[in-house]
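S.K.: Return atomic coordinates for the entry below.
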Amino acid sequence: MKRILKIDDWFHPDGFPISIERREPQGEFDPHAHEFAELVIVTGGSGLHVAGQDSWGLTAGDVFVISGPRMHEYRDLCDLRLVNVIYQPDLLKMRLLDLTAVPGYHALFTLEPTRRLRRSSMGRLRLNPRELVHVTGLVDRLELELAAREPGFGFMATAAFMQLIGQLARTYGRSSSPDDRALLRIGEALSHLERSIHAEVNLDELAAIAHMSRRSFQRVFQSATGSSPLSWQIGRRIQRACGLLCHSDKRVTEIAFEVGFNDSNYFTRQFRRMTGLSPREFRMRQGMA
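M.R.: Numbering: from 1, shown residues only. All right, here's what the predicted structure looks like:
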């Protein structure tokens, strides 16, 4: 039977969408998935992480992200110690600003959790001892805010979480591992798409950024993201449109042009395909009508 960890059992009753679970040590845990995302930081010991048909050894300094629907478990444990930063991406009210222009962010937080095909050594950030001390210090700061829950803790905890993911993204970007560099090249292509959200997708340009042939790039991109570059870009445009529909009173046509669509009817069709609603219906559901 598939075990699903529920949001209500793992987050504070006040609904704040970030929590920390320490496993010191990690005990046996049956295969499971969850309704939230999980940033895992290995602080000591060793073990085997199994996700589907993939498995790889874990040691201190390993960092990875598991998305909610993916089944995973831990085996062959030898004093394995973990810090799990669990969060609900859809509820986090964070402005990522220029973080999406950092290839390491896409490698760790965009590509790894959604990859359909993966070599077991790819998609893992490994911190050296000094980096691990710094990152665990950031986690401690976040945990203190979550534990105290003083007035303004939501702002402070969100800021601490942003600092944590920003530091991890920068660190990943400095990796010299050939496998990490391969994933980072796709991350660089995603960063280019983010910066050029209004431009038409140019496969030759993206392939050059990733240092691949056009054919190889399309294959690797599809494997890493589960979609084509065009579909990925459309998805990002729709995400931005959702934010504008919720937090502005701009007309639908204005929003369509602002996020990169030249045809408002095409925008509406793509929006309905991705969300199941028209832009106006979506806005009404969010109380912005």
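S.K.: Tell me which residue lies nearest the centroid of this protein.
M.R.: For the chain, residue 109 is the residue whose C-alpha lies nearest the centre (C-alpha atoms, centre = their mean; 3.0 Å).
S.K.: who are the neighbours in contact with it?
M.R.: 65, 165, 169 (C-beta atoms under 8 Å, 6 or more residues apart in numbering). C-betas here are computed from N, CA, C, even on glycine.
S.K.: With distance to residue 266 and neighbour count added, can I get these in JSON lines?
M.R.: Formatted as JSON lines, the contacts of residue 109 follow (distance: C-beta to C-beta, whole Å; neighbours: other C-beta atoms under 10 Å):
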{"residue": "65", "distance to residue 266": "33", "neighbour count": "22"}
{"residue": "165", "distance to residue 266": "33", "neighbour count": "22"}
{"residue": "169", "distance to residue 266": "33", "neighbour count": "21"}
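S.K.: pretty sure the residue nearest to the centre of the chain is in a strand, no?
M.R.: No. Secondary structure of residue 109 (DSSP: H, G, I helix; E, B strand; the rest coil): helix, not part of a strand.
S.K.: and the helix or strand harbouring residue 223, what does it pack onto?
M.R.: Per DSSP states H and E, residue 223 falls inside helix 214-225. Using 3 or more C-beta pairs under 8 Å, 6 or more residues apart in numbering; DSSP states H and E as the contact test, the elements touching helix 214-225 are helix 178-195, helix 203-209, helix 229-247.
S.K.: how about 10 Å then?
M.R.: Under the contact criterion of 3 or more C-beta pairs under 10 Å, 6 or more residues apart in numbering; DSSP states H and E, helix 214-225 touches helix 112-114, helix 178-195, helix 203-209, helix 229-247.
S.K.: any idea which of those is most buried?
M.R.: The highest average neighbour count among these, using mean count of other C-beta atoms under 10 Å, belongs to helix 178-195 at a mean of 20.
S.K.: Mind checking the pLDDT average for that one?
M.R.: Helix 178-195 carries an average pLDDT of 78.
S.K.: Low-confidence stretches in the stretch 51-200 of the chain?
M.R.: The stretch 51-200 of the chain contains residues with pLDDT under 70 at 68, 93, 113-124, 176-180.
S.K.: Strands of that one, start to end?
M.R.: Counting by DSSP state E, counting those that start in this stretch, one finds strands in the stretch 51-200 of the chain at the ranges 54-59, 62-66, 72-87, 125-126.
S.K.: relative orientation of the helix holding residue 223 and helix 178-195 in degrees?
M.R.: Going by axes from the mean of the first three to the mean of the last three C-alpha atoms, to 10 degrees, helix 214-225 is angled at 90 degrees with respect to helix 178-195.
S.K.: roughly how far out does helix 214-225 sit from the chain middle?
M.R.: Averaging C-alpha positions (C-alpha atoms, centre = their mean, to the nearest Å) puts helix 214-225 19 Å from its chain's average.
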